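A.B. asks: What would the 3D arrangement of this be:
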Amino acid sequence: MGLLDLCEQYFGERDIYKLLDLEKTALPKDIKKAYYKLSLQVHPDRVKDADKANATEKFKVLSKIYQVLSDKDKRALYDEQGVIDDEEDMEGKLSSWLDLWRKMFKRITDEDITNYQKSYIGSELERNDMKKAYLSSKGCINQMMNEVPFLNVDDEPRLQKIIREMIDAGEVPEYKIFTNEPANKRQRRHKKYARESKEAEEIKQKMQNESSLEKQIMERNKSREDGFNSLMDKLMEKYGGEDDSEVFEIRGKKSKSKKKANGTPVKVNGVKNGRVNKKRN
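C.D. replies: Residues are numbered from 1 along each chain as shown. Reported below is the predicted structural model:
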């Protein structure tokens, strides 16, 4: 079975650009980032045992797609004729695909994530993300919590101050759902975060001997994928680099390095002092 047939079988799409949610004009760095995000979802080390066989096949298909799009001649052939050279063995050992993935993406440690969080919170980048989230959610704070990395209920006073300043300055329109949020909605959100914080701590204790943070994330907070992807986009942009010899690999006691050239390591969320920081699969 050819690669395009496998794409349709496992992903329901024969157009490999659409499969990766890319335009045909995508740059190599965009292809790399898109491949990374989608491959994380089907990485054999990040799924339950019952899903491992299917995830393994999907992972191999994505790896082959990336090889095609990262090869100038193969990509040109596909772009011009919609044809993919299937001469290479698609049934190769999974270890070869995993090795490729690990060579592409450096590890992100807890220290990296913590350092990134410190530099992100209070930055112009965070302010812009808040603005985008406010506009896209039309003022829904619950949705904003999902879209802005590291944002949680303890940050609400700061969020209110920043957005109200934007409203007063005419940067954004006023959405009553934000400025006059019903008290019961706010209470439900705070109860939810308190519950998740408690559950996260229980899971942390239960899984303290585990080496994989992403397993904790999947168990505790599957529903916040958007925020996780948003964070990983930023980490990829800041630390991913253009060189395929670098790669992000989520590992470590809680995980999603080579370090930067200046020795500074990159952050995903955890639970600290009763705060739930967002992490994603």
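A.B. asks: ok, which stretches of this structure are helices?
C.D. replies: When secondary structure is read from DSSP state H, the chain shows helices at 3-11, 16-19, 28-42, 52-69, 72-81, 94-104, 110-120, 124-137, 141-147, 156-168, 176-179, 183-206, 213-220, 225-239.
A.B. asks: Mind listing what's buried along the longest one?
C.D. replies: In other words, helix 183-206. Arg189, Tyr193, Glu196, Ser197, Ala200, Ile203, Lys204 (16 or more other CB atoms under 10 Å). Quick note: C-beta positions are derived from backbone N, CA and C, even for glycine.
A.B. asks: what angle separates it from helix 156-168?
C.D. replies: Inter-element angle recorded for helix 183-206 and helix 156-168: 130 degrees (by axes from the mean of the first three to the mean of the last three CA atoms, to 10 degrees).
A.B. asks: heads up, I number from 57, so please use that
C.D. replies: Taking 57 as the first residue, the last one we looked at is helix 239-262.
A.B. asks: Please work out which helix or strand belonging to the chain has the smallest mean pLDDT.
C.D. replies: Within the chain, no helix or strand scores below strand 305-306, which has a mean of 38 by mean pLDDT, DSSP states H and E.
A.B. asks: about what we covered before: would you list the buried residues of helix 239-262 in JSON lines and tack on distance to Ile233 and pLDDT?
C.D. replies: Formatted as JSON lines, those follow (distance: CB to CB, whole Å; pLDDT from 0 to 100):
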{"residue": "Arg245", "distance to Ile233": "13", "pLDDT": "91"}
{"residue": "Tyr249", "distance to Ile233": "19", "pLDDT": "87"}
{"residue": "Glu252", "distance to Ile233": "22", "pLDDT": "81"}
{"residue": "Ser253", "distance to Ile233": "25", "pLDDT": "80"}
{"residue": "Ala256", "distance to Ile233": "28", "pLDDT": "74"}
{"residue": "Ile259", "distance to Ile233": "32", "pLDDT": "70"}
{"residue": "Lys260", "distance to Ile233": "34", "pLDDT": "67"}
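A.B. asks: just the residues you listed now: which is nearest Val117?
C.D. replies: If you rank the buried residues of helix 239-262 by distance to Val117 using CB to CB, Ile259 comes first, at 31.5 Å.
A.B. asks: on that earlier part again, among the buried residues of helix 239-262, which pair sits farthest apart?
C.D. replies: Spanning the widest gap among the buried residues of helix 239-262 are Arg245 and Lys260, at 22.1 Å by CB to CB.
A.B. asks: about what we covered before: ranked by average pLDDT, which of the helices of the chain falls at the bottom?
C.D. replies: Within those, the stretch with the lowest mean pLDDT is helix 269-276, showing a mean of 54.
A.B. asks: Can you pull the domain assignment for this structure?
C.D. replies: Annotated domains of the chain cover 59-160, 177-237, 243-286 [the TED database].
A.B. asks: Is it possible to get JSON lines of those that adds distance to Thr170?
C.D. replies: Written out in JSON lines, the entries for those read as follows (distance: least, CB to CB, whole Å):
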{"stretch": "domain 59-160", "distance to Thr170": "20"}
{"stretch": "domain 177-237", "distance to Thr170": "11"}
{"stretch": "domain 243-286", "distance to Thr170": "13"}
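A.B. asks: Identify whichever of those lies nearest to Glu167.
C.D. replies: Closest approach to Glu167 among these (CB to CB): domain 243-286, 12.6 Å.
A.B. asks: I'd like the distance between the residue lying closest to Lys232 once chain neighbours are set aside and Lys241.
C.D. replies: The shortest distance from Lys232 to any non-neighbouring residue, by CB to CB, 6 or more residues apart in numbering, is to Gly195 (7.4 Å). With distances defined as CB to CB, to the nearest Å, the gap from Gly195 to Lys241 amounts to 12 Å.
A.B. asks: what's the straight distance from one end of stretch 69-84 to the other?
C.D. replies: Using CA to CA, to the nearest Å, the span of stretch 69-84 from its first residue to its last is 21 Å.
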